[in-house]
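> Task: produce atomic coordinates for the following.
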Amino acid sequence: MNERFSRQVLFKDIGEKGQHLLSTSHVLIIGMGALGTHVAEGLTRSGVGELTIVDRDYIELSNLQRQTLFTEEDAEAVLPKAVAAQKHLHAINQSVQLHSHIAHVDRYFLEQCRPSIDLIIDATDNFETRLLINDYAYSKGLPWIYGGVVQSTYVEAPFLPGQTPCFNCMMRNLQAITMTCDTVGVIQPAVTMTASLQVSDALKVLTQQPMSTNMIYGDIWSGSHQRIGFSKMSRHQCPTCGSAPTYPYLNRNERQYATLCGRDTVQYNNNSISQEMLETFLQSKQINYKKNDFIIRFQFKGHRIVSFNTGRLLIHNMSQTEDAISLINQLFG
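A predicted model of the protein is given here:
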């Protein structure tokens with residue numbers, strides 16, 4: 001066995017067999033923010049053979065306090081998170097097959113990744129995407145691991161189709177501690193705690209170890225920590241894991257506009273807008289802009305707008321989709 005992983009192989013619950021299973025595993029990590037960077041680094045160092053990482057955002061200075069893979073140089077270059085993460089992960093372990101995507105995760109994206117995925121890890125910041133992941137994972141029989149962090153609190157739970165109730169069932173019964181995305185701050189130790197729990201459960205899933213049906217919830221600042229069982233929370237009528245699932249979040253039509261939770265940002269999708277077209281348009285309107293290989297940045301009516309190669313725009317300092325629609329109409333006529 002590779003000397004690189006010798007200390008991990010010595011751990012009795014992994015051993016050489018477990019390390020081999022890790023080396024042949026493929027994990028999809030959705031989100032390359034605070035949780036995603038921690039988890040991706042942990043799995044890369046653990047010897048997972050293949051990682052697919054996806055994120056729809058780019059790096060800003062405010063990310064560096066908790067998003068461990070990124071540097072000031074990355075922020076100054078305004079690199080997409082997925083691109084910078086791939087670069088730094090490759091520097092840690094060149095033997096890992098890395099696939100990075102600058103994308104908004106929808107059903108189409110998940111279907112494209114599906115053939116070889118063994119595990120999905122949620123490192124997102126909103127419940128809408130989590131519900132999509134939940135529907136998709138249960139429709140395909142794929143395990144996935146939930147993680148949430150806000151202020152100094154952390155929450156984590158594994159979901160195993162056929163073995164555990166789904167995310168819908170658990171959160172319906174635990175509304176009092178449902179984690180939502182707010183602009184209330186977060187400290188790095190809470191991120192580390194959440195990601196450590198996610199990586200630990202990922203190693204158990206990938207090495208085929210027994211799993212407990214528990215959600216872990218705590219506050220790193222106060223020192224509270226509790227384990228809550230949810231094995232009996234399944235609902236016969238659950239649209240995701242019940243007797244007649246309909247997967248409502250998987251089958252929902254994709255919206256052209258969407259708010260980014262906690263970011264004061266609206267996302268606009270229009271695949272017909274290429275970067276070349278946008279650049280020509282901005283030049284014709286004498287609107288100043290900056291660009292790199294991945295994005296175009298410009299200001300319009302007091303709003304910072306960032307455009308990606310796929311025709312996806314992020315409109316900053318805006319929280320209402322109606323305002324975004326109005327702004328886009330003013331911009332493009």
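> all contacts plus neighbour counts: C-alpha atoms, from now on.
OK.
> Now the terminal residues of stretch 214-233, how far apart.
Distance between the two ends of stretch 214-233: 11 Å, counting by C-alpha to C-alpha, to the nearest Å.
> Helix or strand: which one has residue 216?
Assigned by DSSP states H and E, residue 216 belongs to strand 214-219.
> Equivalent analysis for residue 196, please.
Using DSSP H and E, residue 196 maps to helix 188-206.
> buried residues in that helix?
Judged by neighbour count (16 or more other C-alpha atoms under 10 Å), helix 188-206 contains these buried residues: 188-199, 201-206.
> quick one on the thing from earlier: angle of the helix or strand just after the strand holding residue 216 against strand 214-219?
Counting by DSSP H and E, the next helix or strand C-terminal to strand 214-219 is strand 224-229. Using axes from the mean of the first three to the mean of the last three C-alpha atoms, to 10 degrees, the inter-axis angle of strand 224-229 relative to strand 214-219 is 160 degrees.
> Parallel or antiparallel, which strands does strand 224-229 pair with?
On the basis of DSSP bridges, the sheet neighbours of strand 224-229 come out as strand 214-219 (antiparallel).
> mean confidence for the partner strand?
Model confidence over strand 214-219, given as mean pLDDT, is 92.
> so how far is the helix holding residue 196 from its chain's centroid?
Computed by C-alpha atoms, centre = their mean, to the nearest Å, the chain-centroid distance of helix 188-206 equals 14 Å.
> which residue ranges form the strands in the stretch 1-150 of the chain?
26-30, 50-55, 97-102, 119-122, 144-150 (DSSP state E, counting those that start in this stretch).
> Now tabulate those in a markdown table and tack on distance to residue 215.
Compiled in a markdown table, the strands of the stretch 1-150 of the chain are given as follows (distance: least, C-alpha to C-alpha, whole Å):
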| stretch | distance to residue 215 |
| --- | --- |
| strand 26-30 | 20 |
| strand 50-55 | 24 |
| strand 97-102 | 29 |
| strand 119-122 | 14 |
| strand 144-150 | 9 |
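> Tell me which of the ones you listed approaches residue 138 most closely.
Proximity to residue 138, assessed across the strands of the stretch 1-150 of the chain by C-alpha to C-alpha, is greatest for strand 144-150 (9.0 Å).
> got any ranges where this protein has weak pLDDT?
Judged by pLDDT under 70, the chain has its weakly predicted residues at 1, 173-183, 253-254, 261-262, 333.
> rerun at 80
Along the chain, the model assigns pLDDT under 80 to residues 1-2, 113-115, 126, 172-184, 252-263, 333.
> According to the record, where do the domains of it fall?
According to the domain assignment given by automatic domain parsing, the chain is divided into the following structural domains: 3-229, 257-332.
> from those domains, which stretch is densest packed?
Per-stretch averages of neighbours, counted by mean count of other C-alpha atoms under 10 Å, single out domain 3-229 among these, with a mean of 19.
> first vs last residue of it, how far apart are they?
Between the opening and closing residues of domain 3-229 there is a gap of 38 Å (C-alpha to C-alpha).
> excluding its backbone neighbours, what's nearest residue 232?
Counting by C-alpha to C-alpha, 6 or more residues apart in numbering, residue 232 lies nearest to residue 165, which is 7.7 Å off, once chain neighbours are set aside.
> Name the helix or strand for the one you found, please.
Secondary structure assigned from DSSP H and E places residue 165 in neither a helix nor a strand.
> Is it in contact with residue 236, as I believe?
No. Here residue 165 does not reach residue 236: they are 10.2 Å apart, not a contact under C-alpha atoms under 8 Å.
> In the stretch 201-333 of the chain, mark out all the strands, start to finish.
Going by DSSP E, counting those that start in this stretch, the stretch 201-333 of the chain shows strands at 214-219, 224-229, 257-260, 265-269, 289-291, 295-300, 303-308, 312-316.
> Neighbouring strands - and their directions - for the last one?
The reference is to strand 312-316. strand 265-269 (antiparallel), strand 303-308 (antiparallel).
> Of all those strands, which one is nearest residue 89?
Among those, strand 303-308 comes nearest to residue 89, with 22.5 Å by C-alpha to C-alpha.
> So what angle separates the directions of the closest one and strand 97-102?
Taking the same axes, to 10 degrees, one finds strand 303-308 and strand 97-102 inclined to each other by 140 degrees.
> gap between the nearest residue to residue 270 once chain neighbours are set aside and residue 292?
If you skip the residues right next to it in sequence, residue 270 has residue 311 as its closest partner in space, 5.1 Å away by C-alpha to C-alpha, 6+ apart. According to C-alpha to C-alpha, residue 311 and residue 292 sit 15 Å apart.
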